[in-house]
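Colleague: Model the following, please.
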Amino acid sequence: MTGPQTGEDQPLRAKALALAALLLGNVALACGPWLVRLADTGPVSAGFWRVALALPFLFLLAGITGERLGGIPRKAVLLVLAGGVFFGLDIAAWHVGIGDTRLANAVLFGNAGSVILMVWGFVVLRRLPIGREWRAIIAAFAGSAVLLGRSLELSTANFVGDLFCLLAGLLYAGYLLLLQDARKSFGSWSVLALSSSASVAVLFVVAQLSGEPFWPTDWTPVLVLAFSSQLLGQGLLVYSLKAFSPLVIGIALLTQPAVAALIGWLAFDEVLVPLDLLGIVLVGSALVLARMTAPREPPRPRVNPV
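Modeller: Next up, the predicted model:
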């Protein structure tokens, strides 16, 4: 029979729960590319259903947590909607890339926004990188060159898939930049709900213009995708991120390419050679360093890791 919890036990338990949420959230997000491939719609249509099916629940969560959706300055609303356009284009580009490149590459390049935001901070502050900032940039370029070169060796389609995933990382960085000031007026769930409303419209238009299959005949992959990527993954990260330093968050992020590489190997026979692993380690190290690095003065707009 156990005794009552002490004051020290409760913070430890809360920390353990936050760590479990952080890791599980990253694992859930890493399964997204697998589910995109399993969907019998087109890749952009899978992105539409991912966001559309989750959208009512995002508004519900915003209401349950008491986050306001009205009475917000018009400029803030427009910024969030503009961010949603970027997020919709990000998902469209990423899902197209997922179909052509290896899952580990797709996850790594799709998360390139961290490095892009760091570089943007240098541009805004008009200064050169220093110390580990240089190491992050060099590792990012070297690792990307290795992975892109390996993809080109495999096929031109793989290389193009990598470029789409890199474009997705760039668009996601734009999404985060647009939302920096808007976050002062919104909560996390209300930001996701309103921005996703714009994303749904963008994804619908792109899917229709591409002429790809839109309606699923098997709803299971898109339902699981909406739950795991848009609700479970995002929700667990929202819960856990405030409990950890950027270093821990960056290291936890590395579970995504690891899980994606394992799924790629087991489900799609995507074998990684030592050179691939070197590229993954370099890009992964750059992502960790980028999350650890903060400019000495806050840029405008502010750059915060998510």
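
Colleague: Tell me which other helices or strands the strand or helix carrying Val202 touches.
Modeller: Take DSSP states H and E as the rule and Val202 turns out to sit in helix 188-210. If you count contacts as 3 or more CB pairs under 8 Å, 6 or more residues apart in numbering; DSSP states H and E, helix 188-210 packs onto helix 43-64, helix 74-98, helix 156-179, helix 234-240. C-beta here means a position set from N, CA and C on the backbone, and glycine is covered the same way.

Colleague: which residues touch it?
Modeller: The contact list for helix 188-210 (CB atoms under 8 Å, 6 or more residues apart in numbering) reads 42, 44-45, 47-48, 51-52, 54-55, 58-59, 61-62, 65, 67-69, 77, 80-85, 87-89, 91-92, 175, 179, 182-183, 186, 214, 230, 234, 238.

Colleague: mean pLDDT for the helices and strands packed on helix 188-210: which is lowest?
Modeller: The weakest mean pLDDT among these belongs to helix 234-240, with a mean of 83.

Colleague: and it, what does it pack onto?
Modeller: By 3+ CB pairs under 8 Å, 6+ apart, helix 234-240 packs against helix 9-30, helix 188-210.

Colleague: what's it in contact with?
Modeller: Outside helix 234-240, the residues that touch it by CB under 8 Å, 6+ apart are 18-19, 21-22, 24-26, 28-29, 61, 188-189, 192, 306.

Colleague: Nearest the middle, which residue of this structure would you pick?
Modeller: Geometric centre of the chain, nearest residue: Asn111, 5.6 Å, by CA atoms, centre = their mean.

Colleague: hang on, that one packs against Leu166?
Modeller: No. Asn111 lies out of contact with Leu166 (CB atoms under 8 Å); the separation is 10.6 Å.

Colleague: Identify the contacts common to these two.
Modeller: Common neighbours of Asn111 and Leu166 (CB under 8 Å, 6+ apart) do not exist.

Colleague: Filter the contacts of helix 188-210 down to the buried ones.
Modeller: 42, 44-45, 47-48, 51-52, 54-55, 58-59, 61-62, 67, 77, 80-85, 87-89, 91-92, 175, 179, 182-183, 186, 214, 230, 234, 238 (16 or more other CB atoms under 10 Å).

Colleague: Report the buried residues of the helix or strand just after the helix holding Val202.
Modeller: Counting by DSSP H and E, the next helix or strand C-terminal to helix 188-210 is helix 220-225. Using 16+ other CB under 10 Å as the test for burial, helix 220-225 gives 221-225.

Colleague: contacting residues around helix 220-225?
Modeller: 32, 35-36, 38-41, 46, 49-50, 53, 216.

Colleague: can you do 6 Å?
Modeller: Contacts with helix 220-225, where a contact means CB atoms under 6 Å, 6 or more residues apart in numbering, come from 35, 38-39, 46, 49-50, 216.

Colleague: One more: stretch 278-298?
Modeller: Taking CB under 6 Å, 6+ apart as the rule, stretch 278-298 contacts 104, 108, 111, 114-115, 118, 121, 125, 132-133, 135-136, 139-140, 142-143, 146-147, 246-247, 249-251, 253-254, 257, 305.

Colleague: Take that stretch, keep the C-alpha atoms, and write them as CSV.
Modeller: Extracted C-alpha coordinates of stretch 278-298, given in CSV (Å, rounded to 0.1, in the frame of the first residue of the first chain):
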residue,chain,number,x,y,z
LEU,A,278,25.3,10.6,-42.0
GLY,A,279,22.9,13.1,-43.8
ILE,A,280,20.2,12.4,-41.2
VAL,A,281,22.5,13.0,-38.3
LEU,A,282,23.8,16.2,-39.8
VAL,A,283,20.3,17.7,-40.5
GLY,A,284,19.0,16.4,-37.2
SER,A,285,21.9,18.1,-35.4
ALA,A,286,21.1,21.3,-37.2
LEU,A,287,17.5,21.2,-36.1
VAL,A,288,18.6,20.7,-32.4
LEU,A,289,21.1,23.5,-32.6
ALA,A,290,18.6,25.8,-34.3
ARG,A,291,16.1,25.3,-31.4
MET,A,292,18.9,26.0,-28.9
THR,A,293,20.0,29.2,-30.6
ALA,A,294,18.3,32.5,-29.9
PRO,A,295,19.5,35.8,-31.3
ARG,A,296,20.8,38.2,-28.6
GLU,A,297,18.1,40.7,-29.5
PRO,A,298,14.6,39.7,-30.4
